[in-house]
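>>> Attaching a predicted model along with its sequence, questions to come.
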Amino acid sequence: TQLLEQSPQFLSIQEGENLTVYCNSSSVFSSLQWYRQEPGEGPVLLVTVVTGGEVKKLKRLTFQFGDARKDSSLHITAAQPGDTGLYLCAGVRTNAGKSTFGDGTTLTVKP
Amino acid sequence: DTGVSQDPRHKITKRGQNVTFRCDPISEHNRLYWYRQTLGQGPEFLTYFQNEAQLEKSRLLSDRFSAERPKGSFSTLEIQRTEQGDSAMYLCASSSQGVHLADTQYFGPGTRLTVL
């Protein structure tokens, strides 16, 4: 059983479109991270959210942490081909130390 | 560059051989993590250290795997008697425990292992 479920698994859109990807769990996390990963490279941190209901913006990316700290979403406005990649969410449970990852959403933005 | 570094970036070996990977964390980070990632999946936790102490090991980490962090700085991950199923990307990450936004892990570029 996957602790963190990400959806959709694959997403292919045209440049300029908006999109939202989701990260859901039945567990409560003390913090949650979103990463973007290119093929053959390690994940690169985009954001950390720690407070229930928190919203963070990073240029065209908007991240939201659920009120109960069990889920999160990533919204991209006016997607660009450079946004193409694997988007991973990872949660850390209180005192757990390690991160638990979802299997990611593979995003392809076509010019 | 003051990020997490890993060496080598790629390793091809024959089944049954031993391999060792190195990770150098961000210098002020006291926690270091090892993960394994296979195609189409997210990273899976293997083990982590706080300073030189190994605090947790996953059940994924069989007896053929051993990790060390002797001086609380760099770490090594050794796989003995490699099997084809060990082929994966091995990722190292580090974090600073006890700081605001603690447990945010920063990843290295990974070591791609191919076992023939």
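Ah, there it is.
>>> and the helix or strand harbouring residue B:32, anywhere near chain A?
Assessed by DSSP states H and E, residue B:32 sits inside strand B:31-37. Yes. Counting by Cβ under 8 Å from any Cβ of the partner chain, chain A is contacted by strand B:31-37 at B:31, B:33, B:35. To be clear about C-beta, it is placed using only N, CA and C from the backbone, and glycine gets the same treatment.
>>> Using CSV, please lay out the residues you listed together with neighbour count.
Formatted as CSV, the residues of strand B:31-37 next to chain A follow (neighbours: other Cβ atoms under 10 Å in any protein chain shown):
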residue, neighbour count
B:31, 22
B:33, 28
B:35, 28
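>>> I'd like to know which of the residues you listed is nearest to residue A:14.
residue B:35 (33.6 Å; Cβ to Cβ).
>>> For the closest one, list each beta-bridge partner.
On the basis of DSSP bridges, residue B:35 is bridged to residue B:45, residue B:91.
>>> any weak-confidence spans in the chain?
Went with chain A since none was named. Across chain A, the ranges flagged by pLDDT under 70 are A:1-2, A:94-96.
>>> my bad, the chain I had in mind was chain B
For chain B (pLDDT under 70), the answer is B:1, B:98-103.
>>> Point out the residues in it that sit beside chain A.
Within chain B, the positions near chain A by Cβ under 8 Å from any Cβ are B:4, B:6, B:31, B:33, B:35, B:40-45, B:48, B:50, B:55-56, B:89, B:91, B:93, B:97, B:101-110, B:112.
>>> Now list the buried members of those residues.
Neighbour-count burial (16 or more other Cβ atoms under 10 Å in any protein chain shown) applied to those gives B:4, B:6, B:31, B:33, B:35, B:42-45, B:48, B:50, B:89, B:91, B:93, B:102-110, B:112.
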